[in-house]
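Asker: predicted model, plus sequence, below.
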Protein chains: 2
Amino acid sequence: MPRPRQPRLTRQLIVETATAVIDAEGLPAFSTRRLAAELGVRGPSLYNHFATKDEILDAVADTVTAAVDTSGFASRDWAAALRDWAWSYRRALTAHPNIVPYLAQGPGRRPAALAMADAVYGGLVRAGWPPARATHIGAALRYFVAGSALGSFARGFVEDPELYAAHYPHLRQAHRLAEHQQSVDEGAFALGLDALLHGLAAEYARTVGPLDPVESARSSG
Amino acid sequence: MPRPRQPRLTRQLIVETATAVIDAEGLPAFSTRRLAAELGVRGPSLYNHFATKDEILDAVADTVTAAVDTSGFASRDWAAALRDWAWSYRRALTAHPNIVPYLAQGPGRRPAALAMADAVYGGLVRAGWPPARATHIGAALRYFVAGSALGSFARGFVEDPELYAAHYPHLRQAHRLAEHQQSVDEGAFALGLDALLHGLAAEYARTVGPLDPVESARSSG
DNA sequence: ACCCTTAAACTAGCGGTGTAAGTTTTGTCG
DNA sequence: CGACAAAACTTACACCGCTAGTTTAAGGGT
């Protein structure tokens, strides 16, 4: 079959279909031929629109990241903005859990990830945090969010009580974790985020608080 | 070549060599044939000792996890024990960064991971934390450690200043991140861990502190 | 000492993967 | 109207995880 009257593929259509396949069947099942079949096309045709498979995955990861809301840094105080961002970030990742293992391996050169990092860093520096500290805070929260979306704590546990009773005395109840996976993961995230922000607020009060944030931003901007 | 006088493979030798290959060449380069070649053997021979490739990877992940030290929970107060554990956990993962993407996808049924979870959970409950809270704390710290080892924040950035100057105004200096990758990642980890522990200590004082931890452990054990 | 079972390597091969190369037809533009 | 680029195609390569069947050595039983 030669060139069709109307192109059957576009970058956007490929990315959307790739996202759907990954969501439905997981990363390992996602192959160029599988994706092409879903698009009514043969595998190599994709290479008219993307240079490599990784480029497709990058595009998927980028659209997932683009859904993260960083607008809080423009309108709210730094702590509230961080909290809003972290939750939005988590929601964006858990909406497409199967792509997270790929996405989590570094911000890369993806525009949406860079724009997000830029907004966070800028917001923190504007609030008076020293640049090095702002970098660390953004990184620490990214670690936490990515880790929570990636390694669902409860997912690994099995529903067979016998397995734990014998060798892991304190995990006697662990088989129940599987039932409550989502609430465990969200509870752990909420607790950890609150603790992180609490600790950062204390650090802020100790090292930055004395200065007027606005002044501080003006003098360093 | 038939059965040799002396077996050339053992599970331990396979795991050690697999670790070396992954450390040296990365997860994508790790294939059964590549591993077998390193062992002076043909690919399928591995299947006399392991049922699948994933079983080999699980064994590698387990030995990495086994290096984590949780002894603090037996001898120190819960906060110090958590700090020691988190750093030990991080050191174990960053010693073999290439296996982390595999390892981070849940505790699974790996014995070392379960033993670690058991020690942490038990230590926290003994210190007076309610069981649900203990689960959340262990999970939150795992998120943070795994995320930090997985998605090295600095790694993704490029050394070309031009790339950032145009579109990401606040990241003007981002190209410098690549130079200081290790110190950025460690600084972010140290900051985040301190903040987390600070927040947890406040929570402890508010909800558990009033009770004598020893009493509390006795009454719930 | 012999046989039988099992272990541990082998070879051959299946179906799948990412992707390179070259082909064919269509749409578009000078 | 002819040239060229675009977008599909087919073919093919090297590699992948893994299965099946083969060969020989090691070890235990009589």
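Answerer: It's in. A quick note: this is a predicted structure, and the numbers were derived from the prediction, not measured.
Asker: so A:Gly199 touches B:Glu203, yeah?
Answerer: No. A:Gly199 lies out of contact with B:Glu203 (CB atoms under 8 Å); the separation is 10.7 Å. Placement of C-beta: from N, CA and C, glycine included.
Asker: look at the two and report which has more neighbours.
Answerer: Using other CB atoms under 10 Å in any protein chain shown as the criterion, A:Gly199 and B:Glu203 rank with A:Gly199 on top: 23 against 18.
Asker: how about low-confidence regions in chain A?
Answerer: Low-confidence segments of chain A (pLDDT under 70): A:1, A:106-108, A:153-156, A:158-159, A:211-221.
Asker: what angle do the helix ranked longest in it and helix B:181-207 make?
Answerer: Across chain A, the longest stretch assigned as helix under DSSP state H is helix A:181-207. With axes from the mean of the first three to the mean of the last three CA atoms, to 10 degrees defining the directions, helix A:181-207 sits at 100 degrees from helix B:181-207.
Asker: who does helix A:181-207 touch, helix- and strand-wise?
Answerer: With contacts defined as 3 or more CB pairs under 8 Å, 6 or more residues apart in numbering or on different chains; DSSP states H and E, helix A:181-207 has these neighbours: helix A:78-94, helix A:131-150, helix B:131-150, helix B:181-207.
Asker: list the buried residues of that helix.
Answerer: Buried residues in helix A:181-207, counted by 16 or more other CB atoms under 10 Å in any protein chain shown: A:184-185, A:187-189, A:191-204.
Asker: now swap in stretch A:47-55 and tell me
Answerer: Neighbour-count burial for stretch A:47-55 flags A:49-50 (criterion: 16+ other CB under 10 Å).
Asker: would you mind writing the CA trace of it as CSV?
Answerer: Coordinates of the C-alpha atoms in stretch A:47-55 are reproduced here as CSV (Å, rounded to 0.1, in the frame of the first residue of the first chain):
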residue,chain,number,x,y,z
TYR,A,47,9.3,6.2,11.5
ASN,A,48,8.0,8.8,9.1
HIS,A,49,6.9,10.8,12.1
PHE,A,50,9.3,9.8,14.9
ALA,A,51,12.9,8.9,14.7
THR,A,52,12.9,6.3,17.5
LYS,A,53,10.5,4.5,19.8
ASP,A,54,12.0,6.5,22.7
GLU,A,55,11.0,9.7,21.0
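Asker: that one near DNA strand D at all?
Answerer: Yes. Looking at stretch A:47-55 against DNA strand D by CB under 7 Å from any atom of the strand, the contacts come from A:48-49.
Asker: report the angle between the longest helix of chain A and helix A:78-94.
Answerer: Going by the same axes, to 10 degrees, helix A:181-207 makes 150 degrees with helix A:78-94.
Asker: and the angle from helix A:181-207 to helix B:131-150?
Answerer: Relative orientation of helix A:181-207 and helix B:131-150, computed by the same axes, to 10 degrees: 70 degrees.
Asker: excluding its backbone neighbours, what's nearest the spatially most central residue of chain A?
Answerer: Centrality entry for chain A: nearest residue to the mean C-alpha point is A:Leu93, 4.4 Å, by CA atoms, centre = their mean. Of all residues not flanking A:Leu93 in the chain, A:Ala149 sits nearest, at 3.6 Å (CB to CB, 6 or more residues apart in numbering or on different chains).
Asker: what's the separation between that neighbour and DNA strand D?
Answerer: 26 Å (CB to the nearest atom of the strand, to the nearest Å).
Asker: for that residue, give its distance to A:Leu46.
Answerer: Separation of A:Ala149 from A:Leu46 (CB to CB, to the nearest Å) stands at 27 Å.
Asker: which one of the two has more residues nearby?
Answerer: For the pair A:Ala149 and A:Leu46, the greater number of neighbours falls to A:Ala149 (26 against 22), based on other CB under 10 Å.
Asker: ok, that one - contacts?
Answerer: Going by CB atoms under 8 Å, 6 or more residues apart in numbering or on different chains, A:Ala149 touches A:90, A:93-94, A:97, A:100, A:104.
Asker: break chain A into its domains for me.
Answerer: Listed by automatic domain parsing, the domain ranges of chain A are A:11-50, A:70-220.
Asker: point out the most buried one among the ones you listed.
Answerer: Of the domains of chain A, the one with the most neighbours on average (mean count of other CB atoms under 10 Å in any protein chain shown) is domain A:70-220, at a mean of 19.
Asker: residues in contact with the helix or strand encompassing A:Ala18?
Answerer: In the assignment (DSSP states H and E), A:Ala18 maps to helix A:11-25. Here helix A:11-25 makes contact (CB under 8 Å, 6+ apart) with A:29-30, A:34-35, A:38-39, A:46, A:49-50, A:56-57, A:59-60, A:63-64, A:96, A:98-99.
Asker: which ones among those residues lie within helices?
Answerer: Under the assignment DSSP H, the contacts of helix A:11-25 contribute A:34-35, A:38, A:56-57, A:59-60, A:63-64 to helices.
Asker: pull the CA atoms of stretch A:31-38 into CSV?
Answerer: Output of stretch A:31-38 as CSV, limited to C-alpha atoms (Å, rounded to 0.1, in the frame of the first residue of the first chain):
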residue,chain,number,x,y,z
SER,A,31,5.8,-2.1,20.8
THR,A,32,6.0,-0.3,17.6
ARG,A,33,4.1,-3.0,15.8
ARG,A,34,1.5,-3.2,18.5
LEU,A,35,1.0,0.6,18.3
ALA,A,36,1.0,0.6,14.5
ALA,A,37,-1.7,-2.2,14.5
GLU,A,38,-3.8,0.0,16.7
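Asker: near DNA strand C, which residues of chain A?
Answerer: Along chain A, the residues adjacent to DNA strand C under the rule CB under 7 Å from any atom of the strand are A:2-6, A:30-34, A:43-44, A:47, A:51-54.
Asker: try 10 Å this time
Answerer: Residues of chain A found near DNA strand C, taking CB under 10 Å from any atom of the strand as the criterion, are A:1-7, A:27-37, A:42-48, A:50-57.
Asker: residues in contact with A:Ala67?
Answerer: A:88, A:92, A:95.
Asker: and which of the residues you listed is nearest chain B?
Answerer: For these, the minimum distance to chain B (CB to the nearest CB) is 14.9 Å, reached by A:Ala92.
Asker: isn't the closest one right up against A:Asp62?
Answerer: No. A:Ala92 is beyond contact range of A:Asp62, at 11.5 Å (criterion: CB under 8 Å).
Asker: what does chain A have sitting close to DNA strand D?
Answerer: Close to DNA strand D, as judged by CB under 10 Å from any atom of the strand, chain A has residues A:1-11, A:13-14, A:32-33, A:36-37, A:39-49.
Asker: surely the residue nearest to the centre of chain A meets A:Ala86?
Answerer: No. Applying CB under 8 Å as the test, A:Leu93 and A:Ala86 come out as separate, 10.8 Å apart.
Asker: what's the overlap in contacts for the two?
Answerer: Shared contacts of A:Leu93 and A:Ala86, defined by CB under 8 Å, 6+ apart, comprise A:Val145.
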